[in-house]
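Trainee: what's the 3D shape of this:
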Amino acid sequence: MGGFDIKTTGRTAGTALVNWWRAVSIEALCVAVMWLIGLWLLHVPLFPVWALLGGLMTFIPNFGGVIALIGPVFCILVTGRDLERLAFVLGLYAVIVVVDQLALQPALMKRAARVPIWASILAPIVLGILIPFWGVLLAPPLLAVVYAFRKPKVKGPIPPTVN
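Mentor: Now for the predicted structure:
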């Protein structure tokens, strides 16, 4: 049984956070592309700016999507009374959130940080209840660090023990 090694522990935690950051960066790029295509198809003014902001807001878990929605909605409301296009932007937001939160983010967390899909969906909910604001924000990087310290499961036959 080994003792506590600050260098190894720090390296493991640091690697886990870098892997999490990579996963979130890929997620942000995918979200930005979804916003770009959707807002372009809906002819929203300044759509590249709103898509870029939508991607950057991905780094703010759960609240970033709502912040990203403000710009396109404001643009549509200022440019005219086009409630149909406004409804489509709100629908686009709903589609992006569902794809991001239920498919993209869990898949990327599983691949980059080896966090199981069920954990990446459940942990923000549980931590959001236990620590209302901060729990939701801290859940993804905490999961990455926690799963970095888990022992990998041994695959293959169990080696025989010597008595």
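
Trainee: helix/strand/coil for the residue nearest to L137 when sequence neighbours are not counted?
Mentor: Excluding the flanking residues, the one nearest L137 by Cβ to Cβ, 6 or more residues apart in numbering is P61, at 5.6 Å. For glycine as for every other residue, the C-beta is placed from the backbone atoms N, C-alpha and C. Three-state call for P61 (DSSP: H, G, I helix; E, B strand; the rest coil): coil.

Trainee: let me see the contact set for P61.
Mentor: Applying Cβ atoms under 8 Å, 6 or more residues apart in numbering to P61 gives the contacts P124, V136, L137, A139, P140.

Trainee: list phi and psi for it.
Mentor: Dihedral angles of P61 (phi, psi; degrees, to the nearest 10) stand at phi -60, psi 140.

Trainee: and the pLDDT for it?
Mentor: Note for P61: predicted pLDDT of 75.

Trainee: roughly how far does it sit from L53?
Mentor: Distance check for P61 against L53: by Cβ to Cβ, to the nearest Å, it reads 16 Å.

Trainee: equivalent analysis for R150, please.
Mentor: In this view, R150 and L53 are 36 Å apart by Cβ to Cβ.

Trainee: what do you get for V99?
Mentor: Taking Cβ to Cβ, one finds V99 at 18 Å from L53.

Trainee: surely G135 touches I125?
Mentor: No - shown here, G135 and I125 do not form a contact pair, counting by Cβ atoms under 8 Å, at 9.1 Å.
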